[in-house]
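S.K.: Sequence and predicted structure are below.
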Amino acid sequence: MSGPSEKSGGPLSYPSGRLGTMDIVIRQAQPGEYEALGEITAQAYLQDGLLSFGESDWYLAELRDVAKRAAAAEVLVADLGGRPIGGVTYVPSGGPMADLAGPGEAEIRMLAVDPAARGRGAGEALVRACVDRARAAERTGVVLCTQPVMHAAHRIYERAGFVRAPERDWNPIPGVDFTLIAYELTLSTAQR
């Protein structure tokens, strides 16, 4: 995959090399897309069996509430041919959307790609866009947490240079045996 290209302040484009003439464009989600992006995120988690209680899982409402995320962080969308096929929440520093980020760190949350659109590079492009934003903002690193069974996501993170940070693993639901595993990417001065 080649790197991003920026067109006079416009969105970043990440050609995947597998799409022919159509590029995946990573850009900020627009309010009119929040509902569709929320449903893509919810369905990705549901279809992958990542919600303990299925449709009644409390986290499902959080996944669908893109407006809430956009009010507290930056929600990016992967656009293919004019339609959203995935999204991610980029937390530039602290605030209500940060779970793991320490001082100077950015965080990635709720990465999801429409199951029908997977394998085209959207997930990787979304992660790289977050890393690019963190570098541009001179963050010291990027962190994220993921479920142990999200093997495809782990491969995306590892290809982007993230490493496991087991000392940051945590349980978001006290009293329930549910641990999220952590990854981190250190951004050195030489990488900026």
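M.R.: Cool, the structure landed. None of the values given here were measured: they were computed from a predicted structure. Residues are numbered from 1 along each chain as shown.
S.K.: show me what contacts the residue lying closest to Arg133 once chain neighbours are set aside?
M.R.: Ranked by CB to CB, 6 or more residues apart in numbering and with sequence neighbours excluded, the top spatial neighbour of Arg133 is Tyr90, at 5.8 Å. For every residue, glycine as well, the C-beta is placed using N, CA and C. By CB atoms under 8 Å, 6 or more residues apart in numbering, Tyr90 lies in contact with Ala73, Glu74, Val75, Leu76, Ala106, Glu107, Ile108, Arg109, Ala129, Cys130, Arg133.
S.K.: ok, now with 7 Å
M.R.: Ala73, Glu74, Leu76, Ala106, Ile108, Cys130, Arg133 (CB atoms under 7 Å, 6 or more residues apart in numbering).
S.K.: Need the per-residue pLDDT for the last one.
M.R.: Listed pLDDT for Arg133 reads 97.
S.K.: now swap in the fourth one and tell me
M.R.: At Ala106 the predicted local distance difference test score is 97.
S.K.: ok, so what distance separates it from Glu167?
M.R.: As defined by CB to CB, to the nearest Å, Ala106 lies at a distance of 19 Å from Glu167.
S.K.: who's more crowded, those two?
M.R.: Shown here are Ala106 and Glu167; by other CB atoms under 10 Å, Ala106 has more neighbours (27 against 7).
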